[in-house]
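A.B. asks: Sharing a sequence plus its predicted fold:
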Amino acid sequence: MTERVVSVERSQQMMTLLNRNITMNIEESQEEEQIRGFLGESLPKDAKLWSKAGWTSQVRHDAAYIEKPNLPPFLLVVFIEGRNNSQNKKILPFISQLVLKFLELQ
């Protein structure tokens, strides 16, 4: 998000694609959104999130750039594997919650 690798214009285009609105109401039937079951689910409403998530029957992962007031922006990337883990929608939100709590204590 420093606009050092690509042009400012391209950086903005990528950020627009990766921007996730964590305040929107997500319907239960909406399977392919990238907030619920991923790192952004446990973020507070005042946080900003840019992320790219993925999952299959064997893996679940998310790469998230997170900005929250009173904290430096940070990048959190988590990969998990295994059939049970890939179907568990609580692991990634739990990890991001732990990381956020740790950073708030610093």
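C.D. replies: Noted; the coordinates are in hand. Numbering: from 1, shown residues only.
A.B. asks: Now K90: closest residue in space, sequence neighbours ignored.
C.D. replies: Nearest residue to K90, sequence neighbours excluded (CB to CB, 6 or more residues apart in numbering): G37, at 7.8 Å. Yep, even glycine has a C-beta here, placed from its N, CA and C like the rest.
A.B. asks: In terms of helices and strands, where is that neighbour?
C.D. replies: Using DSSP states H and E, G37 sits within no helix or strand.
A.B. asks: and it, how far is that from Q106?
C.D. replies: Separation of G37 from Q106 (CB to CB, to the nearest Å) stands at 27 Å.
A.B. asks: Kindly report the same for L49.
C.D. replies: For L49 relative to Q106 (CB to CB), the value is 20 Å.
A.B. asks: and the two? which has more neighbours close in?
C.D. replies: L49 (22 against 6; other CB atoms under 10 Å).
A.B. asks: what pLDDT does that one get?
C.D. replies: Looking at L49, its pLDDT is 97.
A.B. asks: Leaving out chain neighbours, which residue sits closest to E104?
C.D. replies: That would be L71: by CB to CB, 6+ apart, it lies 6.9 Å from E104.
A.B. asks: likewise Y65?
C.D. replies: W50 (4.5 Å).
A.B. asks: Wait, a helix at that neighbour?
C.D. replies: No - under DSSP: H, G, I helix; E, B strand; the rest coil, W50 sits outside any helix and is assigned strand.
A.B. asks: Check the spacing between it and N85 real quick.
C.D. replies: For W50, the distance to N85 - CB to CB - is 24 Å.
A.B. asks: Please name the residues that touch the residue nearest to E104.
C.D. replies: The contact partners of L71, taken as CB atoms under 8 Å, 6 or more residues apart in numbering, are 100, 103-104.
A.B. asks: Nearest to L17 among the residues you listed?
C.D. replies: Nearest to L17 among the contacts of L71 is L100, at 23.9 Å by CB to CB.
A.B. asks: my read is that closest one is in a helix, agree?
C.D. replies: Yes - if the criterion is three-state DSSP, then L100 is within a helix.
A.B. asks: Give me the neighbour count for R83.
C.D. replies: By other CB under 10 Å, neighbour count at R83 equals 11.
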